[in-house]
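# below are the sequence and a predicted model; questions follow.
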Amino acid sequence: MTNLQSLSTTNHQLPTHIAIIMDGNGRWAKERNLNRTAGHEEGAKTVRKITTHCAKLGIEYLTLYAFSTENWNRPKLEVEFLMRLLEKYLKNELNTYLDNNIRFKAIGNLTKFSKSLQSIIKDVENQTSKNTGLTQTLALNYGSKDEIIRAVNKALSEGIDINETSINKYLDTAYAPNVDLVIRTSGEIRISNFLLWQSAYAEYFFTKTLWPDFNEYELDDILSDFSRRERRFGGV
């Protein structure tokens, strides 16, 4: 009996919202004497694999850290490649989204991207907007501090008092519940400005596996571990 078969026969609860810091593409490529771009291409395949697996499990929300506000500091050629890869990924994955009833969303400050990339993002969002299964969110040019600042400024511009409710309303992820489980691959043990507000009471899991090598079986193991954790949310 697999981990998830075991979970399905118990009262254990799967997380509603999983967030993943997809780390290790560059190191994966370096270990194989490949260009870093090869690691990003392999990592994109893992995105599809994990997304469709979560959809089959009945996970409702999956948020993936794809490009941070700090990633612009990477070499220009690598950034340009990542932009092309993102366009290619979205075009290629539209049928995957539609075939698996997955809704696509993007969060972050998208205005820094090219008009063509912004158009593709909006088109895929629109074409999948009626899907009712998993919502896959890509965090693009995203930083949690930036998101919170933008949320506060939106509330202030509308004359709304700043409190927990109003900030929740204006966050990029206002459509989704708070994060239940945060996973980071590659062995790094930090959260890197990712969903700070939404993950205040999330469970964390750090794995040494590089993102291109991360697979459904390891995710199942993590979900099994999650199901055994007692979440008290500050209570006794």
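On my side now, so go ahead.

# could you use CA atoms for every contact and neighbour count after this?
Noted.

# can you list the low-confidence ranges for the chain?
The chain contains residues with pLDDT under 70 at 1-12, 234-236.

# so which residue is dead centre in it?
With distances taken as Cα atoms, centre = their mean, Leu64 lies nearest the centre of the chain, 1.4 Å away.

# what segments of the chain are helices?
3-8, 25-31, 36-57, 76-99, 115-128, 144-157, 164-170, 216-228 (DSSP state H).

# for Thr16, which of those is the nearest?
helix 36-57 (10.3 Å; Cα to Cα).

# what are the contacting residues of the closest one?
Outside helix 36-57, the residues within contact range by Cα atoms under 8 Å, 6 or more residues apart in numbering are 25-30, 62, 78, 81-82, 85, 89, 93, 100, 102, 133-134, 136, 211-216.

# buried subset of those?
25-29, 62, 78, 82, 85, 89, 100, 102, 133-134, 136, 211-212, 214 (16 or more other Cα atoms under 10 Å).

# and for Lys115, the neighbour number?
Neighbourhood size, Lys115 [other Cα atoms under 10 Å]: 11.

# cool, Gly159 as well?
9.

# now do it against Ser166, distance only.
11 Å (Cα to Cα, to the nearest Å).

# now do Glu80
Distance from Glu80 to Ser166, by Cα to Cα: 36 Å.

# higher neighbour count, the two?
Shown here are Glu80 and Ser166; by other Cα under 10 Å, Ser166 has more neighbours (16 against 13).

# list the contacts of the residue nearest to the more buried one when sequence neighbours are not counted.
Of all residues not flanking Ser166 in the chain, Ala155 sits nearest, at 6.8 Å (Cα to Cα, 6 or more residues apart in numbering). The neighbourhood of Ala155, defined by Cα under 8 Å, 6+ apart, consists of 161-162, 166-167, 170.

# out of the helices of the chain, nearest to Thr185?
helix 25-31 (9.8 Å).

# does the closest one pack against any helices or strands, and if so which?
helix 36-57 (3 or more Cα pairs under 8 Å, 6 or more residues apart in numbering; DSSP states H and E).

# now the helix it packs on: buried residues?
For helix 36-57, using 16+ other Cα under 10 Å, the buried residues are 36-44, 46-47, 50-55.

# I'd assumed Ile102 was in contact with Asn131.
Yes: using Cα atoms under 8 Å, Asn131 makes contact with Ile102 at a distance of 5.6 Å.

# need the helices of the chain in TSV with distance to Ile183, can you?
Putting the helices of the chain into TSV (distance: least, Cα to Cα, whole Å) gives the following:
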stretch	distance to Ile183
helix 3-8	18
helix 25-31	15
helix 36-57	12
helix 76-99	22
helix 115-128	25
helix 144-157	16
helix 164-170	22
helix 216-228	9
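
# how about the residue of the chain most remote from its centre, phi and psi?
Most distant from the centre of the chain: Gly159, at 31.4 Å, with distances by Cα atoms, centre = their mean. Main-chain dihedrals, Gly159, degrees, to the nearest 10: phi 70, psi 30.

# please tell me how far Ala176 sits from Thr135.
9 Å.

# which ones are touching Val152?
Val152 neighbours (Cα under 8 Å, 6+ apart): 162, 167, 170.

# nope, Glu216 is what I meant
49-50, 53.

# if we go to 10 Å?
46, 49-54, 222 (Cα atoms under 10 Å, 6 or more residues apart in numbering).
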